[in-house]
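Student: need a 3D model of the sequence below.
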Amino acid sequence: MSKIDLNKMERSVALSRGTRIQKLSKAPRKILYSKILELFALLFGQSIRVKARTFWGEDMLVVIPEVVSLNLYRYGFFEEGLTRMLLEHLKPGVTFFDIGAHFGYFSLLASYLVGDKGHVHVFEPTPSTFEVLRTNASNKNNVFLNNNAVFSRREIVSINDYGVKYSAFNSIYNGNLSLDIIEKIGAKRYQVEAFSVDEYVGSTGVVPDFVKIDAESAEYDILQGMEMTIDEYRPKISLEVGDMNVRHATSSKKLINFLLNKKYKPYEYKEGKIELHLLKTVPYQYDNILFLQE
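Tutor: Residues are numbered from 1 along each chain as shown. Okay, the predicted model is just below:
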């Protein structure tokens with residue numbers, strides 16, 4: 001990662017943390033234009049596709065008023081902690097699995113970091129989300145796209161699709177949304193083919209060095225389907241956690257203990273640095289935990 005890229009990341013983070021006045025003074029066009037688009041989209045019930053510029057200087061298609069898209073358009077990054085984990089741990093030539101890729105922000109970042117000799121294998125089950133992802137990543141020679149779900153075993157699973165605005169919450173289980181929102185917007189259900197990480201590794205021969213898992217409450221199923229990969233290859237793993245009372249969701253503590261029992265150490269991004277994570281006794285708020293082999 002070059003110094004100019006890191007400087008751009010710092011400026012993007014500083015902008016996202018600023019007051020409204022500071023944001024308007026530093027990036028008036030982006031902030032005002034995105035707000036106009038957001039209000040228009042909400043008022044008329046439409047989605048608007050625009051290009052966002054990432055902090056490392058790459059354009060990607062996003063869809064307003066979706067929340068991840070708004071952050072990417074305004075600031076050029078999403079999820080500072082996980083972004084910094086990838087910046088620190090993805091090196092040229094490694095293989096990255098992006099499970100739950102959404103529109104492809106982390107896939108594109110990984111593609112940039114691992115370079116021509118590295119590989120990025122991407123998994124996104126929702127058809128409408130995958131369409132945007134494919135637009136963003138189809139010209140990348142080191143990115144391999146899979147319009148599939150990742151699960152504990154091979155089977156056909158149903159995906160709840162909450163529409164473009166809430167596409168980040170699509171899941172095999174109920175989305176991490178309030179009951180009021182779910183009842184209001186409803187969900188389309190799609191049947192998609194699912195397979196396990198172990199099966200994918202076995203059939204393709206591709207061995208991941210880093211696995212990012214963000215699957216909206218299906219994380220435990222995915223971990224159960226990658227035990228062989230974990231035991232044999234010991235990849236780095238980032239895992240989304242958060243106890244949001246989603247029906248059938250496994251507790252964050254159980255997820256973390258699964259990997260602790262595999263002799264991994266957990267790390268979190270806190271106050272500007274990645275440091276050892278201490279297991280909590282209270283419910284987890286939304287976060288990403290990084291697991292490294294002991």
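
Student: residue ranges with poor pLDDT in the chain?
Tutor: Residue ranges of the chain with pLDDT under 70: 1-4, 175-179, 182-183, 247.

Student: and the strands in it, which stretches?
Tutor: Applying DSSP state E to the chain gives strands spanning 48-53, 59-64, 95-99, 119-123, 143-146, 149-150, 155-161, 188-195, 210-213, 236-241, 264-270, 273-276, 287-293.

Student: P283: how many residues sit nearby?
Tutor: For P283, the count of nearby residues is 12 (other Cβ atoms under 10 Å). All C-beta spots, glycine's among them, are computed from the backbone N, C-alpha and C.

Student: ok, and the closest non-adjacent residue to K263?
Tutor: If the residues on either side of it in the chain are set aside, K263 comes closest to E294, at 5.0 Å by Cβ to Cβ, 6 or more residues apart in numbering.

Student: right, and that neighbour touches L260 too?
Tutor: No: E294 is not in contact with L260 according to Cβ atoms under 8 Å; the separation is 9.6 Å.

Student: more crowded one of those two?
Tutor: Comparing E294 with L260 by other Cβ under 10 Å, the one with more neighbours is L260, at 15 against 8.

Student: apart from its chain neighbours, what residue comes closest to the more buried one?
Tutor: Nearest to L260 is P266, by Cβ to Cβ, 6+ apart, at 7.1 Å.

Student: with L279 as the reference, measure out to that neighbour.
Tutor: 8 Å (Cβ to Cβ, to the nearest Å).

Student: any residues in contact with both of those two?
Tutor: Shared contacts of P266 and L279, defined by Cβ atoms under 8 Å, 6 or more residues apart in numbering, comprise I256, L260.

Student: between those two, which one's more packed in?
Tutor: The neighbour comparison of P266 against L279 (other Cβ under 10 Å) goes to P266, with 20 against 11.

Student: contact partners for the more buried one?
Tutor: I256, L259, L260, L276, H277, L279, I289, L290, F291.

Student: and those residues, which are buried?
Tutor: Neighbour counting by 16 or more other Cβ atoms under 10 Å classes I256, L259, H277, I289, L290, F291 among the contacts of P266 as buried.

Student: just send the residues you listed back as JSON lines, with distance to V211 too.
Tutor: Converted to JSON lines, those look like this (distance: Cβ to Cβ, whole Å):
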{"residue": "I256", "distance to V211": "15"}
{"residue": "L259", "distance to V211": "11"}
{"residue": "H277", "distance to V211": "17"}
{"residue": "I289", "distance to V211": "13"}
{"residue": "L290", "distance to V211": "11"}
{"residue": "F291", "distance to V211": "9"}
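
Student: what's the closest of those residues to L87?
Tutor: L290 (11.9 Å; Cβ to Cβ).
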